[in-house]
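here are the coordinates; sequence isn't available:
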């Protein structure tokens, strides 16, 4: 016997009719055995659902038929749920209400689950000639009137329930303000009006300062009363046509429309702050809170509705960080810059993973003897679309970001790999690399550096020099001194880059265990014309001699620059006047063919002797004879 399921009972007039367990199935056709074997093996009349209280005349039937026509009924044939779709009609012989339906499947993909081949399905009937017949068992006039009354009552109840559900779906139950769903709809409509009228609107994100302690201390009832009072105050502050929404907790959003200019809404923002900060009396308590407000303007901020809310939220947090009880306007230009930096950081991370960075090398020479004493490794980005990019295009982006340490490690490893290759060729060229202060001061910097040196056993530690900006070395002198000391213990050398720009004191210069001072290119570039720059260069050379440091001049662009430096006692230099940075493959040939300018060979030292000279193999010599 086929037993009706609860799904069937709920599908057929769930609020009107009580159903007992009788069912009539009329069946025939070749698919019966496959679809419903338990029905196929029985008689035509198996069971019948009897509906109590069904209509007795065609007039009353029309009301019910309007609800039920083209109904869908679910039952169960054996273990297979089946949906029957069909017509309700009035039996002309005895005025009983009947339903005649046929099995119906939503999607043809369900057929294989029922064991039915698509070729077996007639076009007019997805499951063959299986029919379901339901008929009522009573037709009294009293039952009809009772049914009509129940229909009317239930219809009113449904209308009221639907109205309540509609309200709950769009309004906050505590403050009766629009909720997030209705806010999104109104904001979208307001944005459309702005475009048509050529006006602006403001999205105002308001968060209460100090609400949580009040709620925790005095309880939710007091907190709810405070929220209701403030919600009404804020609503009264706005103009007709503006929208105030509570989107959760102690957060509100206002949409201020029809603004000729963004500045027009600032008095309203002040009124919102004042309305929030005014005391609220709850019983014997006098409560005070304030508000942090973030605001963004459309169409100046041209994002969608969700993006406008996020931007106003971000501005609100800046107002809170700025001291609370204030408003902050979202900075579109700053956000664009932050977004661009975020995208650039992601792309630089990809470049590092894809090995798109390369090192170029700029020689450092002894201008009088012509010896190439080393090279400085300078990073470049071999961008697949933009070509070779200089460091100024990407290093400022990663400054202060953790990825700079990863880039720094890559530079050190690539430089060591190149030194090892040159050593194999018989070319002894020490390499200096720039190290960012944040990278240097990482807790495991020395350990990581030791591991990198161990991977390149053919490279002597003295062939690697680390360059640190003078200004960054001054940020945490004690820590920098300790790290430099640990690196020197490994055999590495250190230099202070761009010396003269960091305002070092003589005490710092004495304590910092740097081997070399590199004169900043800006002083060298202008020393031929600017007496002050010349004095700075001369002073740095004198300090280097006094503290027994090697001095290297950067930015030597002309023969005259080199000649003047030689006169001052600086013999080591680098710059475009000597060589531009070049790929590693070009270095060996350049070293073989480079010769210093004849004017430099005959230049004598007039001020200071060179305390640290490199011999013809590129190693440091103790003295330098003129």
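Received it, and whenever you're ready, just let me know what you need. Just so it is clear, the structure is predicted and the values come from calculations on it, not from any experiment.

count of neighbours near residue 424?
As a burial measure, residue 424 scores 9 neighbours (other Cβ atoms under 10 Å). Where C-beta positions appear, they are placed from N, C-alpha and C, glycine not excepted.

my bad, should have said residue 310
Neighbours around residue 310, by other Cβ under 10 Å: 17.

where does it sit: helix, strand or coil?
Here residue 310 is helix, with the state taken from DSSP: H, G, I helix; E, B strand; the rest coil.

and it, how far from residue 434?
Using Cβ to Cβ, to the nearest Å, residue 310 is found at 38 Å from residue 434.

try residue 381
From residue 381 across to residue 434, the span is 15 Å (Cβ to Cβ).

where does residue 596 land in three-state SS?
Assignment for residue 596 (three-state DSSP): coil.

could you list the low-confidence segments of the protein?
1-152, 154-155, 158, 470-475, 500-505, 507-508, 602-626 (pLDDT under 70).

show the contacting residues for the nearest residue to residue 256 once chain neighbours are set aside.
Nearest in space to residue 256, with sequence neighbours left out and distances taken as Cβ to Cβ, 6 or more residues apart in numbering, is residue 202 at 4.2 Å. Residue 202 is in contact with 254, 255, 256, 259, 262, 265, 295, 296, 297, 298, counting by Cβ atoms under 8 Å, 6 or more residues apart in numbering.

any idea how many residues pack against the fifth one?
A count of nearby residues for residue 262, using other Cβ under 10 Å, gives 17.

any idea how far it lies from residue 300?
Residue 262 is 7 Å from residue 300, by Cβ to Cβ.

kindly report the same for the second one.
Note on residue 255: its distance to residue 300, by Cβ to Cβ, is 15 Å.

circling back to that earlier point, which element is the residue nearest to residue 256 on?
Using DSSP states H and E, residue 202 sits within strand 200-209.

helix or strand right after that strand?
Downstream of strand 200-209, the first helix or strand assigned by DSSP H and E is helix 211-218.

so which elements touch the next helix or strand after that following helix?
Next in sequence after helix 211-218, counting helices and strands by DSSP H and E, comes helix 220-237. Using 3 or more Cβ pairs under 8 Å, 6 or more residues apart in numbering; DSSP states H and E, the elements in contact with helix 220-237 are helix 211-218, strand 243-248, strand 251-259, helix 266-277, strand 280-282, strand 285-287.

let's see it at 6 Å
Applying 3 or more Cβ pairs under 6 Å, 6 or more residues apart in numbering; DSSP states H and E, one finds that helix 220-237 makes contact with helix 266-277, strand 280-282.

wait, which of the contacts of residue 202 is closest to residue 393?
residue 296 (31.0 Å; Cβ to Cβ).

so the closest one sits right up against residue 205, yeah?
No. Using Cβ atoms under 6 Å, residue 296 is not in contact with residue 205, being 8.4 Å away.

pull up the overlap in contacts between the two.
Overlap of the contact sets of residue 296 and residue 205 (by Cβ atoms under 6 Å, 6 or more residues apart in numbering) consists of residue 312.

next, count neighbours for residue 429.
21.

could you do residue 163 as well?
10.

then it would be within a strand, right?
No. Under three-state DSSP, residue 163 sits outside any strand and is assigned helix.

residue 541 and residue 535, how far apart?
Here residue 541 is placed at a distance of 11 Å from residue 535 (Cβ to Cβ).

check contacts around residue 286.
Neighbouring residues of residue 286 by Cβ under 6 Å, 6+ apart: residue 279.

from residue 216, how far out is it?
Taking Cβ to Cβ, one finds residue 286 at 18 Å from residue 216.
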